[in-house]
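all I have is the shape, not the residue letters:
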């Protein structure tokens, strides 16, 4: 991963520390600037913001190569995140043991969004045997479309047992707790990358790496 940080003024350990602070704690970029200053590192909050924006995708990719394999029984659900005052849709899935499968922030709630999430989740984790969902027509259509487009004799089974999704709903709350009233997402891509970092720290704290 160190090659990611070439040509930067600061050593990678400093960059990683600043990015970790943002992903792990409910801190503003100005708060992190102050914390880094206390540690003798003079870095502007705008620089820290650029670090988060630049490195979150690479960190997520690295995490996916190291994350433990999840089970083949998933619970899929979506929750709502405010971005620039508008509702955006955070698709998330955990397996039956509560391990994070994957996540994706989308602008719309529709079949294409659900399928985009499935493509990402299956690409990173392999095809599940069964997915438990709510009554969402978009999620149902997304799974059915995936089954039709992928010529395999073993289709993904769809199950709708409401209480089984309690585990993913509780997991939503753990993520949203990190997004306090002081966290205001002004741009969609910035929200995507910050949420990815929050999810990665959540995965690490679960012991999935």
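Yep, it's here. Because the structure is a prediction, the values reported are computed rather than measured. Numbers count the residues shown, from 1 in each chain.

any idea how far residue 102 lies from residue 155?
20 Å (C-beta to C-beta, to the nearest Å). For glycine as for every other residue, the C-beta is placed from the backbone atoms N, C-alpha and C.

the more surrounded of the two?
residue 102 (24 against 14; other C-beta atoms under 10 Å).

that one sits in which helix or strand?
Assigned by DSSP states H and E, residue 102 belongs to strand 100-106.

ok, now residue 172?
Residue 172 belongs to helix 166-177 when elements are defined using DSSP H and E.

that helix vs strand 100-106, what angle?
60 degrees (axes from the mean of the first three to the mean of the last three C-alpha atoms, to 10 degrees).

tell me the mean pLDDT for helix 166-177?
Taken as a whole, helix 166-177 carries a mean pLDDT of 92.

after it, which helix or strand is next?
Scanning forward in sequence from helix 166-177 by DSSP H and E, the next helix or strand is helix 188-205.

now for that following helix, which elements pack on it?
On a contact count with 3 or more C-beta pairs under 8 Å, 6 or more residues apart in numbering; DSSP states H and E, helix 188-205 meets helix 12-24, helix 45-66, strand 73-83, strand 86-95, strand 100-106, helix 166-177.

on contacts alone, who are the packing partners of the fourth one?
For strand 86-95, the packing partners by 3+ C-beta pairs under 8 Å, 6+ apart come out as strand 73-83, strand 100-106, helix 111-125, helix 166-177, helix 188-205.

ok, now the shortest one?
In this structure, strand 100-106 makes packing contacts with strand 86-95, helix 111-125, helix 188-205, judged by 3+ C-beta pairs under 8 Å, 6+ apart.
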